[in-house]
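*Asks:* Starting from these lines, generate the structure:
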Amino acid sequence: MQNSPTRRIAVVISGFSLATGLMGAPGSADTKPVTTGTTRSVEYVEIALPEPDSEQAAVPGCREPTSSVSGAWLWAKICWSNYHKGGWLRVDLDGRVHDTTGDGEYAEFLANYKLRNGGWETFTAYLASTEGEYAPTSAKAQMRYRHPRMPMRSLWVAVCKSGGDCDRWR
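*Replies:* Take a look at the predicted model:
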């Protein structure tokens, strides 16, 4: 695997709510956040993202990544099928984020992916959070992607703590 140019993960500093929206991932200067009406303050942390091997790109299947930082971890099962124009028309993600320490910070489940809409656009989504719960606790994360013509590729996950500590994309 080769490393692609550095991408950045959006980490919530304040104003996080469970009404999740998609946030355009940094890397292209003209990308603007898309929200559901909630203003967010974000800090961008540099993380190198590997691209999948091109020989494996057209093979349907599943993978089960895990991600951890001090006091939080996640697991996910990501499955893909229906290859079309360099990506997948059907992608399923099921997972869980765990907050293991009572440090006053909650755990977040983040997903980073690319959608083909003309060119490939990168997005970061907040799928789950343990905000408002007492540790140890966990929250379910789920993503279902279906589109007849706009494929998805390069779906990666990471766990973050609300204080800004994040694992790399997995």
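*Asks:* Alpha carbons only: can I get stretch 99-112 in CSV?
*Replies:* In CSV, the C-alpha atoms belonging to stretch 99-112 read as follows (Å, rounded to 0.1, in the frame of the first residue of the first chain):
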residue,chain,number,x,y,z
ASP,A,99,-15.9,5.3,26.4
THR,A,100,-13.9,3.5,29.1
THR,A,101,-12.8,6.2,31.5
GLY,A,102,-14.7,8.7,33.6
ASP,A,103,-12.5,11.5,32.6
GLY,A,104,-15.3,14.0,31.7
GLU,A,105,-14.6,13.5,27.9
TYR,A,106,-16.9,11.6,25.6
ALA,A,107,-16.0,9.3,22.7
GLU,A,108,-16.9,9.9,19.1
PHE,A,109,-17.1,7.6,16.1
LEU,A,110,-16.0,9.3,12.9
ALA,A,111,-16.1,8.0,9.3
ASN,A,112,-14.2,9.5,6.3
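*Asks:* List the buried residues of it.
*Replies:* By neighbour count, with 16 or more other C-beta atoms under 10 Å as the criterion, the buried positions of stretch 99-112 are 99-100, 105-112. All C-beta spots, glycine's among them, are computed from the backbone N, C-alpha and C.
*Asks:* what does stretch 93-100 give?
*Replies:* 93, 95, 97-100.
*Asks:* Same list, these, but as JSON lines with pLDDT and distance to residue 138 please.
*Replies:* As requested, the buried residues of stretch 93-100 are exported to JSON lines (pLDDT from 0 to 100; distance: C-beta to C-beta, whole Å):
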{"residue": "93", "pLDDT": "97", "distance to residue 138": "16"}
{"residue": "95", "pLDDT": "97", "distance to residue 138": "10"}
{"residue": "97", "pLDDT": "97", "distance to residue 138": "6"}
{"residue": "98", "pLDDT": "97", "distance to residue 138": "4"}
{"residue": "99", "pLDDT": "96", "distance to residue 138": "7"}
{"residue": "100", "pLDDT": "95", "distance to residue 138": "9"}
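*Asks:* Could you provide those in JSON lines, with additional columns for secondary structure and distance to residue 76?
*Replies:* Conversion of the buried residues of stretch 93-100 to JSON lines gives the following (DSSP: H, G, I helix; E, B strand; the rest coil; distance: C-beta to C-beta, whole Å):
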{"residue": "93", "secondary structure": "strand", "distance to residue 76": "6"}
{"residue": "95", "secondary structure": "strand", "distance to residue 76": "3"}
{"residue": "97", "secondary structure": "strand", "distance to residue 76": "9"}
{"residue": "98", "secondary structure": "strand", "distance to residue 76": "12"}
{"residue": "99", "secondary structure": "strand", "distance to residue 76": "16"}
{"residue": "100", "secondary structure": "coil", "distance to residue 76": "17"}
